[in-house]
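Peer 1: Provided below for reference: sequence and predicted model.
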Amino acid sequence: MRLPFLQAPDPSLLWVENHRIQAGAHQRPLPGLPTEDQLAQALAALPAGPTRWVVDDLWVPSVLLRDLPELPRGAEAQEAFFRWRFGQTLALEAPHAVQSILVEPGTWLAAGIREDLRETWIQLSLRLDRSMRALTPRWLHLYNQLAPDLDLPGMLLSLSPVGGEGYAGTLVAWGRTLCLVRQWAEPLPPEGWNAERIAPSAAFLQREARTPQQMLVWGARTWPEGTVPARCLDDRAPAGEVR
């Protein structure tokens, strides 16, 4: 099931991770959250007009909100409810702008970004005539590109290297549709991911009759053998199709 936060990538795509930024032919390493000058240089490499942003997962945290058979009436009431539930679930202190989409009856996917960061990026893009048309966490962009081919239950790792200590990032899984989203800011090497994050998640999914048949890995060129057979995706061209 494709979740329509973002359409297919196009020449106006800005790709920003905690270790690199890419826009068209412009690419440079990053030590973390980009500065306004770094973003301006990257945006200048894109055609004039609206832009689409794909950003590091941990700047746009995501969560599946379950057991929500009824919602408050009215758009404003629902927006406030999701913002409250999102912040409560993730124990966030800073206010976040939150977008939610129905995954299946009673289950919603919510993704949010700090309001101050979102406003800074929006204003910068407007000043440079590169207005932000969409902003999507990296894992969801990858999932949407892969979704048409995901016929069997599986997993996706969306990873970023952190200080030479391993990877931080997101683990998502699907059965008939998206069924698990877990994120970690603390880096672990691949062996740690296999033992402490992937194996317990696979065991949970097996109890739910959604045993993953394959794990797709973004952000690492190789991956050690573990509970779930792994295939590393080509991450050398962020703006292109995932293979």
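Peer 2: Arrived safely, thanks for sending. Residues are numbered from 1 along each chain as shown.
Peer 1: from here on, contacts and neighbour counts on C-alpha atoms
Peer 2: Will do.
Peer 1: so what does the helix or strand of the chain with the lowest mean pLDDT touch, helix or strand wise?
Peer 2: None of the helices or strands of the chain scores lower by mean pLDDT, DSSP states H and E than strand 26-29, at a mean of 90. Under the contact definition 3 or more Cα pairs under 8 Å, 6 or more residues apart in numbering; DSSP states H and E, strand 26-29 sits against strand 20-23.
Peer 1: Pairing partners for the strand it packs on, with directions?
Peer 2: strand 13-16 (antiparallel), strand 26-29 (antiparallel) (DSSP bridges).
Peer 1: Kindly export that strand (C-alpha atoms) in PDB.
Peer 2: What follows is strand 20-23, C-alpha atoms only, in PDB (Å, rounded to 0.1, in the frame of the first residue of the first chain):
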ATOM      1  CA  ARG A  20      25.000  14.700   3.400                       C
ATOM      2  CA  ILE A  21      22.900  17.100   1.300                       C
ATOM      3  CA  GLN A  22      22.100  16.600  -2.400                       C
ATOM      4  CA  ALA A  23      20.300  18.700  -4.900                       C
END
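Peer 1: Show me what secondary structure element comes after the least confident helix or strand of the chain.
Peer 2: Heading C-terminal from strand 26-29, the first helix or strand you meet, by DSSP states H and E, is helix 36-43.
Peer 1: report the longest helix in the protein, please.
Peer 2: Ordering each helix of the chain by length in residues (DSSP state H) puts helix 75-90 first.
Peer 1: Who are the contact partners of P187?
Peer 2: P161, V162, E165, G166, Y167, A168 (Cα atoms under 8 Å, 6 or more residues apart in numbering).
Peer 1: Can you add secondary structure and distance to A25 and give those back as CSV?
Peer 2: What follows is those, written out as CSV (DSSP: H, G, I helix; E, B strand; the rest coil; distance: Cα to Cα, whole Å):
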residue, secondary structure, distance to A25
P161, strand, 22
V162, coil, 24
E165, coil, 29
G166, coil, 27
Y167, strand, 26
A168, strand, 26
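Peer 1: Which of the helices or strands spans the residue of the chain positioned farthest from its centre?
Peer 2: Farthest-out residue of the chain from its mean C-alpha position, per Cα atoms, centre = their mean: R73, at 28.8 Å. For R73, there is no enclosing helix or strand under DSSP H and E.
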